[in-house]
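Visitor: all I have is the shape, not the residue letters:
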């Protein structure tokens, strides 16, 4: 197990309790002030009360022998002595060479920094959430989120109604009233769960606070013997934030239509793994299921009238996703993968028999795209717009007389025409206040010729990511060999060990890696098999994108992933078993969810 640990010394009970810390340079003994008297001479104040940050400061200072949880670093520490400043408040952490064995928190994804002990804390019958927030809107958001999570936690009927000792509730503290959601949104949080009294959740934004509620919900277990809900291994302190800002999943609604209730359940499932981007691959060659007021004929490309999304449907999905801290980035792939556009606007396609790539030789094509972008600005508030650009087979351009003549007049090759098309659509997106994302082929064809605010999504080969950031561009990783969910033979272990920084060692270039996405392409997936194709393998990628780079032990991850899979199934998300040879296979035999 690749974990550092802390110790908790509980003198009142005469035992030592193991407390892991995810990024220790040293190990520490934690002395609870309520259990023991102890003292330490001050070195200086660390400027923070977060245990993880204090550990980092103490690790970096040879004169520091420990720290108090209120923020004071110590230069002299002894145990068993009276010290008024520790009489009732906080805890003292003391450096030690001893490294006990301990298991990590049963949470996916694993938090960045955490400590825990070995006492069980029960939720009292009157467990309640209290709010210290800056606005009514923030309070409404957090009340709705906490109600939802409490319903997820309380999984059984019945139980005692007179539990008065234990966790009485949680105080939720949100600092900012800013509820905007974007690439730079602060998703960090701190969570403190004592053995009794009030738990405390602190976050700068509602989205960090929601992540904290997810962590809390994964810690609560039902005790069948007592019929009480308990959290093992308290006291627990968590200081957490994501490693990457962009942690997403692509959903394809062209190859197969997905109903609105399924999309909403899928959004909820993303939030359980702390993913924060819904990359909506709305259209492709097969279907254009989106109705647009400004382009009334475009929806003729849908399979049937029933298999469509109205503008109101889209607005509802985007608002619903925001409740779960998830951005929605639309993709309208051009100039390839666009045959479905021709059903409503045949003039923008090369011919009736050769339908894509879209026709670059007529202004009508770019007029339709510009009109689409204008309407999408009101439907999708995110600042990013995915323009595709992959798998452009230019044969129709070469075989269509009018396009071939247009290219000849400009002395364009088909590759020049491809570049022209990308440049025009990129400029259109910029003119409408949107940053554009393109698939990897656009970089492979044009290298550093595009504006530096272009973002490239890698799917062909991981190695391209290093070339993209070396050229000064940002990138998103989705390499098909391990992060394509429709590739059923890819194991969760392969999903888990795929790191976006692989082959990128320069810290400046690493900052250009925004994160990654798993991709749920829809050729063989519809509402009937979506969830057991996605989960639990996508959870392995979710942990890779959230947790520290040092968290790489698949053996240590497996029991947490098994528990997370069972958590999803209890929440109505039909995740497939772990111990099968391919994704979305059924359970191989009767038995416990945890053993499948």
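Guide: Yep, it's here. Keep in mind that what you see is a predicted model, and the values were worked out from it rather than measured. Residues are numbered from 1 along each chain as shown.

Visitor: can we go C-alpha only for contacts and neighbour counts from here?
Guide: Fine.

Visitor: tell me how far the closest residue to residue 272 other than its chain neighbours lies from residue 436.
Guide: Nearest in space to residue 272, with sequence neighbours left out and distances taken as Cα to Cα, 6 or more residues apart in numbering, is residue 214 at 6.4 Å. Relative to residue 436, residue 214 is positioned 32 Å away (Cα to Cα, to the nearest Å).

Visitor: before we move on, what about residue 132?
Guide: From residue 132 over to residue 436 (counting by Cα to Cα), the distance is 38 Å.

Visitor: neighbour count for these two, which is higher?
Guide: When residue 132 and residue 436 are compared for neighbours, residue 436 comes out ahead with 22 against 13, by other Cα atoms under 10 Å.

Visitor: in its sheet, what does the helix or strand the more buried one falls within sit against?
Guide: Per DSSP states H and E, residue 436 falls inside strand 435-439. According to DSSP bridges, strand 435-439 forms sheet pairs with strand 384-388 (parallel), strand 455-458 (parallel).

Visitor: where does pLDDT dip in this protein?
Guide: The chain contains residues with pLDDT under 70 at 1-41, 49, 51-52, 75-91, 95-104.

Visitor: can you name the secondary structure element that comes next after the lengthiest strand in it?
Guide: Longest strand in the chain by number of residues, with DSSP state E as the criterion: strand 113-132. Scanning the chain past strand 113-132 towards its C-terminal end, the next helix or strand to appear is helix 136-153 (assignment: DSSP H and E).

Visitor: quick check, residue 267 in a helix?
Guide: Yes: for residue 267, which was evaluated using DSSP: H, G, I helix; E, B strand; the rest coil, the result is membership in a helix.

Visitor: which SS class is the nearest residue to it once chain neighbours are set aside?
Guide: Distances taken as Cα to Cα, 6+ apart put residue 321 closest to residue 267, at 6.3 Å, once the chain neighbours are dropped. Following three-state DSSP, we place residue 321 in the helix state.

Visitor: now the residue nearest to the spatial centre of the chain: how far from residue 254?
Guide: The geometric centre of the chain, computed from its C-alpha atoms, lies nearest to residue 275 (Cα atoms, centre = their mean), at 1.9 Å. Distance from residue 275 to residue 254, counting by Cα to Cα: 22 Å.

Visitor: likewise for residue 264?
Guide: Using Cα to Cα, we find residue 264 at a distance of 17 Å from residue 254.

Visitor: those two - which one has more neighbours?
Guide: residue 254 (27 against 16).

Visitor: now for residue 340, how many residues are close by?
Guide: 26.

Visitor: just confirm it contacts residue 288, I think it does.
Guide: Yes: the pair residue 340 and residue 288 qualifies as a contact (Cα atoms under 8 Å) at a distance of 5.5 Å.

Visitor: joint contacts of the two?
Guide: Common neighbours of residue 340 and residue 288, using Cα atoms under 8 Å, 6 or more residues apart in numbering, are 301-302.

Visitor: excluding its backbone neighbours, what's nearest residue 197?
Guide: Counting by Cα to Cα, 6+ apart, the nearest residue to residue 197 once its immediate chain neighbours are dropped is residue 167, at 5.0 Å.

Visitor: closest one to residue 354 among the strands paired with strand 435-439?
Guide: Proximity of the strands paired with strand 435-439 to residue 354 was assessed by Cα to Cα; the nearest stretch is strand 384-388, lying at 19.7 Å.

Visitor: what lies in contact with the helix or strand following that closest one?
Guide: Counting by DSSP H and E, the next helix or strand C-terminal to strand 384-388 is helix 395-399. Counting contacts by Cα under 8 Å, 6+ apart, the residues outside helix 395-399 that touch it are 350, 354-357, 359, 403-404, 414.

Visitor: for the helix or strand residue 261 falls within, buried residues please.
Guide: Using DSSP H and E, residue 261 sits within helix 260-272. Applying a neighbour-count criterion of 16 or more other Cα atoms under 10 Å, one finds 263-264, 266-272 buried in helix 260-272.

Visitor: stretch 168-183 too?
Guide: Of the residues in stretch 168-183, those buried by neighbour count under the rule 16+ other Cα under 10 Å are 168-175, 177, 181-183.

Visitor: that stretch: end-to-end distance?
Guide: Between the opening and closing residues of stretch 168-183 there is a gap of 36 Å (Cα to Cα).

Visitor: contact partners of that stretch?
Guide: Residues outside stretch 168-183 that contact it (Cα under 8 Å, 6+ apart) are 123-135, 137-138, 196-206, 209, 245-246, 322, 325-327, 382-383.

Visitor: what's around residue 236, how many residues?
Guide: Applying the criterion other Cα under 10 Å, we find 21 residues in the vicinity of residue 236.

Visitor: same check, this time on residue 446
Guide: By other Cα under 10 Å, neighbour count at residue 446 equals 14.

Visitor: quick revisit: which residues sit against the strand holding residue 436?
Guide: Judged by Cα under 8 Å, 6+ apart, the contacts made with strand 435-439 from elsewhere in the structure are 383-390, 426, 429-430, 453-459.

Visitor: what lies in contact with stretch 132-143?
Guide: By Cα under 8 Å, 6+ apart, the surrounding residues in contact with stretch 132-143 are 131, 171-177, 179, 206, 209-210, 323.

Visitor: mind checking which of the residues you listed are in strands?
Guide: Among the contacts of stretch 132-143, DSSP E puts 131, 171-174 in strands.

Visitor: widest-spaced pair of those residues?
Guide: The span of these, defined through Cα to Cα, is set by 171 and 174 at 9.9 Å.

Visitor: what about stretch 444-456, start to end distance?
Guide: Between where stretch 444-456 begins and where it ends, there is a gap of 10 Å, by Cα to Cα.
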